[in-house]
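K.L.:
Next one to model:
(chains A and B)
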Protein chains: 2
Amino acid sequence: MKIGVIGAGAGGLHLGLFLQKHGVETMLFSERTPDEIRSSRLPNTAIHWHNVVSHDRELGVDHWEGGQVCNYFWVGGGGLPEPLVFQGNFKAKSQIVDNRMYCATLLEDYIKRGGAVSYGHIQADDLTGLSEKHDLVVISSGRGSLTELFPRVPEYSLTKPQRLLCTGIYRGITNREPEGLGINFLIGTGEFYEMPYLTFDGKHTALFIFIVPGGSWEVLMGNRYDDDPKKFNATVLGLITEHFPHIRERIRETEFGLRSNLDILQGSITPTVRRAYAQLPNGKYVIAIGDLHAVNDPLTGQGVGCATNGAFVVGQAILDDGLAFDERFCKRVEEQMWSWTGDATAWNNYMLQVPPAPNTVDLILAAAKNQTLADAFADNFAAPTKNWNVMATLERSRNLLHMLGMGSPMIDAALTSKAGTA
Amino acid sequence: MKIGVIGAGAGGLHLGLFLQKHGVETMLFSERTPDEIRSSRLPNTAIHWHNVVSHDRELGVDHWEGGQVCNYFWVGGGGLPEPLVFQGNFKAKSQIVDNRMYCATLLEDYIKRGGAVSYGHIQADDLTGLSEKHDLVVISSGRGSLTELFPRVPEYSLTKPQRLLCTGIYRGITNREPEGLGINFLIGTGEFYEMPYLTFDGKHTALFIFIVPGGSWEVLMGNRYDDDPKKFNATVLGLITEHFPHIRERIRETEFGLRSNLDILQGSITPTVRRAYAQLPNGKYVIAIGDLHAVNDPLTGQGVGCATNGAFVVGQAILDDGLAFDERFCKRVEEQMWSWTGDATAWNNYMLQVPPAPNTVDLILAAAKNQTLADAFADNFAAPTKNWNVMATLERSRNLLHMLGMGSPMIDAALTSKAGTA
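P.N.:
Next up is the predicted model:
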């Protein structure tokens, strides 16, 4: 048996390493060599919640010590008399390692362990040929022509970006102790994530700015670092100074600025779910995992979690049922992946709503007062099903709040209004 | 939280015991008291493959020692020059305990552990009232008006019985050593199961006769034990003498006969899958498990396995996500149950085909020569997904046979003929 894995991001690497660990022959198709990956532009500032770290450990590629023990939440705007500030503790540490270091290192692990790699760009036209040479081809790359093969699922997809995105690695910020992620919600304007960021020359800080289109932060998107680095840095610092004094006070102004011109990414994502498998003209099936299956706004940081969950689901299915990579196989894989990715997608899209839904508000108000709830909310960034179980309906959130002895004023108002309308 | 469980068969009891073990308050609705169950007519001669025994152990209700270590297969008719005879060994023992003893004992366990029981017959009209008194009502009873609430799923249901059924407990047969199930396929005529059967006065033998409608065994169905016990016994003995000398040689003729007039069951089942949940007029949902969700012909003995799988899926879901028993909860439960029950149903219905499918024939021919395959086929009666993985398509079976170095003549012919037609 030989499995082709297209894409050397977290999903493709985890699948390659998983199959390798279990003695299944693989060919990994990577656009870049490890050195090329290291010297590339910042591809993302992905968070690895502890579900991802746990998979790294299982694959023996947990090279990085330390990590974050909590989310530091700050919620302001939206008519709140003053910002809500609370800390939600994780059951296990998250890690934020420069994706270029992470992927290059895992690719080297895979190679050192005897894994085969083919370098180059794979296009849709290549798939039939590849499918003839492999028992199964799994695609973990959301790029270019490969996406066209997998039909978009309108039911679970949005039609336009919900945020404009600006993320980069910055010098000159003293990270908090204990190490945690700063998750700042400025209701109606955007979200501002402050993340201790381990990169090539040690630990700096990633600032991920999520901009509500049409809001006051949109000015940042017209500001390109390459055009005027000083102006860009000043704009970011100005935004922090205006809204987030608790971050500003840890900034060493003379040092502050983007780490390098490769360390920034600006753009936006239209949350899109695609079918997780497709049949080629020769009758063989190919499977999509990760961003190719479902690409979400990075708001709750579910990208790598979905990708590695997909990798493990597909890998385990290959071990359990390698008799035929037919529609039965693909359908089951899609269902199993969707039980994670569907909830991650639904929860993430819900959290993108502007203004926030009544239960989002009530839960955040309650979490600011209830440590159990704050910890669960934070820890469940690593288990999106659990957060979506709580938030999927107003009634679910209300039931939890009442179990905790907390009120649910916004939910109650919404349900009353709904009952009145009905 | 309080869960109502309707039905004190294996599914309802396992769910009640599971929730009890995890500290969830339950009310079990049973038609009969333990003593009434013990003195009732034989309800079935269900096999507990080791997946069920393992659940008994987990619930601390594994009261019965011993069990069966293998299936003794005998396949004759269908143009075979001589019968195929082979033995498939289990990884863990199955048990066949009189269902009346089993259910009465588990109901007593539940009561001894402090479980609440309400005795009486529940009808569809009672459900709304019960739903108001419980957070969730789960129905594990395929009887009467309760079925009407759950829509039949035509895609997975058959429209008429595939076998006429005659099962009973007999004296006068010396069970084989080591203890195993005799599974005799007389192709085109029916199946004859010989099962060491632990009942109130020790171990006897259940004979389960599966009759292909219109075949020569149908005569048995016109023969009612109550009308003429001697004639009935003589008919069964005649059938054994004619077809199964390997059973006949272990029969002590003077003792042979049905154990009592309560120990027989004749009838038939139309394999039917229903939706696993329904909404009551008051908006609350009720869940169906076991036979109410999917009732199958007992050919491969999947009934209790599906029921206890359903019980554990629902029980675990209640522990994991008890915030609301809404459509989200029900849908997820249905999906999880279906990943077992769907495969059990598909495999069972496939095995009912007359004449048997090409891959069924090739696999049985191969199992008679290959101990690995024989053992896997037998053991996977406890894991229907694994047997269905092998049999779901001709290609899957062929791939397995070729991996084992075996031929696939019937499959090859069918695929060639299919390719010729296409």
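K.L.:
So which residues on chain A come close to chain B?
P.N.:
A:320-321, A:323-324, A:326, A:328, A:332, A:335, A:339, A:389-390, A:392-393, A:395-396, A:399-400 (CB under 8 Å from any CB of the partner chain). (Each C-beta comes from the backbone N, C-alpha and C, glycine too.)
K.L.:
repeat that with 6 Å
P.N.:
Selection of chain A residues close to chain B by CB under 6 Å from any CB of the partner chain yields A:321, A:323-324, A:328, A:389, A:392, A:395-396, A:399-400.
K.L.:
ranges for the helices of chain A?
P.N.:
A:10-21, A:34-38, A:50-58, A:99-112, A:127-133, A:229-243, A:245-248, A:303-320, A:327-351, A:358-367, A:371-379, A:384-391, A:394-403, A:409-421 (DSSP state H).
K.L.:
Pipe the residues of chain A next to chain B into TSV and attach pLDDT and neighbour count per row.
P.N.:
As requested, the residues of chain A next to chain B are exported to TSV (pLDDT from 0 to 100; neighbours: other CB atoms under 10 Å in any protein chain shown):
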residue	pLDDT	neighbour count
A:D321	94	21
A:L323	95	20
A:A324	96	22
A:R328	97	18
A:N389	98	24
A:A392	98	23
A:E395	97	15
A:R396	98	21
A:N399	97	19
A:L400	98	23
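K.L.:
hmm, back to that, pick the most deeply packed of the helices of chain A.
P.N.:
For the helices of chain A, the largest average neighbour count (mean count of other CB atoms under 10 Å in any protein chain shown) is found in helix A:10-21, namely a mean of 27.
K.L.:
Just the C-alphas of that one, formatted as PDB.
P.N.:
What follows is helix A:10-21, C-alpha atoms only, in PDB (Å, rounded to 0.1, in the frame of the first residue of the first chain):
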ATOM      1  CA  ALA A  10       0.500  20.700   9.600                       C
ATOM      2  CA  GLY A  11      -2.200  18.400   8.200                       C
ATOM      3  CA  GLY A  12      -0.100  16.700   5.500                       C
ATOM      4  CA  LEU A  13       2.900  16.400   7.800                       C
ATOM      5  CA  HIS A  14       0.900  14.800  10.600                       C
ATOM      6  CA  LEU A  15      -0.700  12.400   8.100                       C
ATOM      7  CA  GLY A  16       2.700  11.500   6.700                       C
ATOM      8  CA  LEU A  17       4.200  11.000  10.100                       C
ATOM      9  CA  PHE A  18       1.200   9.100  11.300                       C
ATOM     10  CA  LEU A  19       1.300   6.600   8.400                       C
ATOM     11  CA  GLN A  20       5.100   6.400   8.700                       C
ATOM     12  CA  LYS A  21       4.800   5.500  12.400                       C
END
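K.L.:
ok now it, how far from the chain's centre?
P.N.:
Here the centre of helix A:10-21 is set off from its chain's centre by 18 Å, with CA atoms, centre = their mean, to the nearest Å.
K.L.:
Quick one: mean pLDDT for that helix?
P.N.:
The average of the pLDDT scores along helix A:10-21 is 98.
K.L.:
How about stretch A:103-116?
P.N.:
98.
K.L.:
Run through who's touching it.
P.N.:
A:8, A:13, A:16-17, A:20, A:27, A:34, A:37-38, A:61, A:63 (CB atoms under 6 Å, 6 or more residues apart in numbering or on different chains).
K.L.:
circling back: nearest to B:I96, out of the residues of chain A next to chain B: which one, please.
P.N.:
Closest to B:I96 out of the residues of chain A next to chain B is A:D321 (29.6 Å), distances taken as CB to CB.
K.L.:
what's the closest one in contact with, if anything?
P.N.:
B:N389.
K.L.:
please redo it, this time with the cut-off set to 7 Å
P.N.:
A:329, B:389 (CB atoms under 7 Å, 6 or more residues apart in numbering or on different chains).
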